[in-house]
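>>> The following comprises the amino acid sequence and a computationally predicted model.
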Amino acid sequence: MQIRSNRLVIRDLKDSDLKSFIELHTSKKVMQMIPMKTLSQEESIFEFKRIIKNKKDSKVRVYAIEEISIETMIGTFAIIDLDDNSCEIGYRIIPKYWGKEYASEAVKVVLNHLKKNFHYIKVKAIIDIKNTRSQKVIEKFLKLDRKQFSENNKAWEFIYSLEL
């Protein structure tokens with residue numbers, strides 16, 4: 001998959017993304033917002049290789065978010081197939097690129113792509129209740145359905161959705 005906007009391209013991960021992938025997944029600032037354990041460098045490398053190896057057979061597809069002008073991966077975007085003809089979307093951005101509207105731009109262009117090219121009837125997003133920045137991004141495009149407690153993450157989260 002390759003989707004372009006003015007500043008970004010959402011594309012398959014490639015070997016040259018490994019350094020940025022490690023920077024993203026070893027960042028406490030990023031991982032606490034998910035919430036998920038901050039990965040070590042070794043765990044990040046393992047996860048990167050796993051994603052690339054399984055990309056065609058997985059319900060979870062992870063793509064690079066590349067800033068075109070610097071030709072660098074600045075984050076990742078995931079599309080997760082769900083069993084009810086819907087998908088969940090999620091993204092992670094390296095902190096030095098926060099506050100530049102990259103997340104909003106990526107969500108907008110991916111949603112447009114999903115509407116035109118996929119069979120999904122609904123798109124969902126799950127945001128940790130403490131992640132107010134991502135709440136603001138997602139609320140531009142999806143509506144809040146409910147608040148729930150995640151037993152897996154031991155945290156409250158908001159569930160958003162959009163009918164396609």
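Structure received. Residues are numbered from 1 along each chain as shown.
>>> and residue 88, what are its bridge partners?
Legend: beta-bridge partners of residue 88 under DSSP bridges are residue 80, residue 124.
>>> Okay, it and residue 72: tell me how far apart.
26 Å (C-beta to C-beta, to the nearest Å). No exception for glycine: its C-beta is placed from N, CA and C like everyone else's.
>>> Just want to know which of these two has more residues nearby.
residue 88 (19 against 16; other C-beta atoms under 10 Å).
>>> wait, doesn't the more buried one sit right on residue 126?
Yes - between residue 88 and residue 126 a contact is recorded at 6.6 Å, counting by C-beta atoms under 8 Å.
>>> Which pLDDT does the model give residue 152?
At residue 152, the pLDDT value in this model is 85.
>>> Quick check: the gap between it and residue 80.
From residue 152 to residue 80 the distance is 14 Å (C-beta to C-beta).
>>> How about residue 96?
Applying C-beta to C-beta to residue 96 and residue 80 gives a distance of 26 Å.
>>> In terms of neighbours, single out the busier of these two.
Each of residue 96 and residue 80 has its neighbours counted (other C-beta under 10 Å); residue 80 has more, 16 against 10.
>>> That one against residue 59, yeah?
Yes - look at residue 80 against residue 59 with C-beta under 8 Å: they come within range, at 6.1 Å.
>>> secondary structure element for the most centrally placed residue in the chain?
By C-alpha atoms, centre = their mean, the chain has its centre lying nearest to residue 91, at 1.8 Å. Using DSSP states H and E, residue 91 sits within strand 86-93.
>>> next one: that strand to chain centre, how far?
Centroid separation between strand 86-93 and its chain, computed with C-alpha atoms, centre = their mean, to the nearest Å, is 4 Å.
>>> Stretch 70-77 too?
Using C-alpha atoms, centre = their mean, the offset of stretch 70-77 from its chain centre is 12 Å.
>>> Show the pLDDT at residue 113.
pLDDT, residue 113: 96.
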